[in-house]
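[1] Turn this into a structure:
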Amino acid sequence: MGTRTWSIVRLVGAIAILAAVVNQLVVTLGIALQATTPYGSHVPTVVANFLSFFTIESNVLSAVALILAAIWGLRVTASSTGPGADAVEPRWLAILLACTSTYMIVTGIVYNTLLRGIELPQGSTVAWANEMMHVVGPLILLADVLLAPRRRCLGWGVLGVVAAFPIVWAVYTLIRADLVISPRTGETGWYPYPFLDPRLVPGEYLGVAGYIVGIAVAILVVGAGVIWVSRKRGN
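    This next block holds a predicted model:
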């Protein structure tokens, strides 16, 4: 597929992902505004919780990456007869796409293996938005890894960059949890996913640690796979 065509695919994918995120946010805010309790109607906490989901952060970051990649691709094709005719994506863009692709693919894997059918604490789930963020979006990023033109060959050291954000997110989530009052229950202790809540996981913190290690391994494996593909396809 040509660079221009794939750039349009990236733009359409980014718009669809952002539409899903915004739609879910609107519904979540609507629930907060209708709440009758002080903790349930505290909009700043509700918004902060919404933005603390790895799913939301991964989708927003991936949409930004797709938009930037599309803009770059359209600019390159506009000067197809100039010095950029055979250009490959810049290193910063290649790394950004590797990171966001990894996060989205792992998001899809974790959701569909651990969380599908479980009501998450962000409120009433918008069905189409949920599928976009957890199924269609990850598939778009997977397709980008496998099919996008002008990819750059990445070194294995990029795997450390890929792993950095999930580590920061996990530390942030566990520290923040006991500082937040749940908008649903009014109790201290809010976790974005049930497998991170020691009150719900067998073995408590040891069980949570097991889930974190498992997901960390998944991120490293998927990230390594993304880099491997870049080395096979890239220039």
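[2] so where is this protein shaky, pLDDT-wise?
    Within the chain, the set of residues satisfying pLDDT under 70 comprises 80-85, 119-123, 235.
[3] Residue for residue, what is the longest helix it has?
    Secondary structure assigned by DSSP state H gives helix 3-34 as the longest helix of the chain.
[4] Check which residues of the following helix or strand past that helix are buried.
    Going down the chain from helix 3-34, the next helix or strand is helix 43-51, by DSSP states H and E. For helix 43-51, a neighbour-count test (16 or more other Cβ atoms under 10 Å) marks Thr45, Val46, Asn49, Phe50 as buried. Heads up, the C-betas are built off the backbone N, CA and C, glycines and all.
[5] which secondary structure elements does the very next helix or strand once past helix 43-51 contact?
    Moving toward the C-terminus from helix 43-51, the next helix or strand (DSSP H and E) is helix 54-78. Under the contact criterion of 3 or more Cβ pairs under 8 Å, 6 or more residues apart in numbering; DSSP states H and E, helix 54-78 touches helix 3-34, helix 91-110, helix 137-147, helix 158-177.
[6] Who are the contact partners of the spatially most central residue of the chain?
    The centre of the chain sits closest to Ser58, judged by Cα atoms, centre = their mean, with a distance of 1.6 Å. The contact partners of Ser58, by Cβ atoms under 8 Å, 6 or more residues apart in numbering, come to Thr100, Tyr103, Met104, Thr107.
[7] Could you rerun that using 10 Å?
    17, 99-108, 133-134, 137-138, 141, 165-166, 169 (Cβ atoms under 10 Å, 6 or more residues apart in numbering).
[8] Count the neighbours of Arg150 for me.
    Residues lying near Arg150 (other Cβ atoms under 10 Å) number 22.
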